[in-house]
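Undergrad: sequence and predicted model, in that order:
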Amino acid sequence: MKKVLLASAVSMALVGAAQADGHGGTYAFDKKGAHQFVTFKISHLGYSWLYGRFNDFDGQFVYDEANPENSTVSV
C-alpha cells in the first residue's frame with residue numbers, strides 16, 4: 001500500500017513540476033473538488049482484483065529548479 005501511495009505522490013509531483021514551467025518552489029496538492037485522489041488495486045488470491053480509492057489525503061512537493069534531484073515529496 002505504501003508503495004502505491006508513494007508512486008502516486010511522485011507521479012503527481014512530476015506532473016505538477018512539469019506544469020510549473022520552470023518555477024521552483026513549494027506546491028500543495030489541490031484538494032478542492034474532485035481534482036486529485038489516490039487509487040490502487042490489489043490482487044485477490046491471484047483470481048481477481050480489488051480496487052480502492054482515497055479521496056482524503058494531504059501533501060506537498062518542493063521543486064528545486066536549479067537542482068531537480070533535491071526536489072522532495074511529502075504525502
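TA: Done, it's in.
Undergrad: which parts of this protein are helices?
TA: With helices called from DSSP state H, the chain shows them at 2-19.
Undergrad: any low-confidence regions in it?
TA: Applying pLDDT under 70 to the chain flags the ranges 1-22, 33-34.
Undergrad: which stretches in it count as strands?
TA: Along the chain, counting by DSSP state E, strands occupy 25-28, 38-44, 48-54, 60-63, 72-74.
Undergrad: ok, now which ones touch residue 42?
TA: Shown in contact with residue 42 (C-beta atoms under 8 Å, 6 or more residues apart in numbering): 49, 50, 52. All C-beta atoms are positioned from the backbone trio N, CA, C, and that covers glycine.
Undergrad: any idea what residue 52 is bridged to?
TA: Bridge pairing for residue 52 (DSSP bridges) gives the partners residue 40.
Undergrad: need the contact list for it.
TA: 39, 40, 41, 42.
Undergrad: just checking, the first one touches residue 51?
TA: Yes: distance between residue 39 and residue 51: 7.0 Å, which falls inside the contact criterion (C-beta atoms under 8 Å).
Undergrad: tell me how far the closest residue to residue 23 other than its chain neighbours lies from residue 26.
TA: In this structure, residue 23 finds its nearest non-sequential neighbour in residue 65, 7.0 Å apart by C-beta to C-beta, 6 or more residues apart in numbering. From residue 65 across to residue 26, the span is 12 Å (C-beta to C-beta, to the nearest Å).
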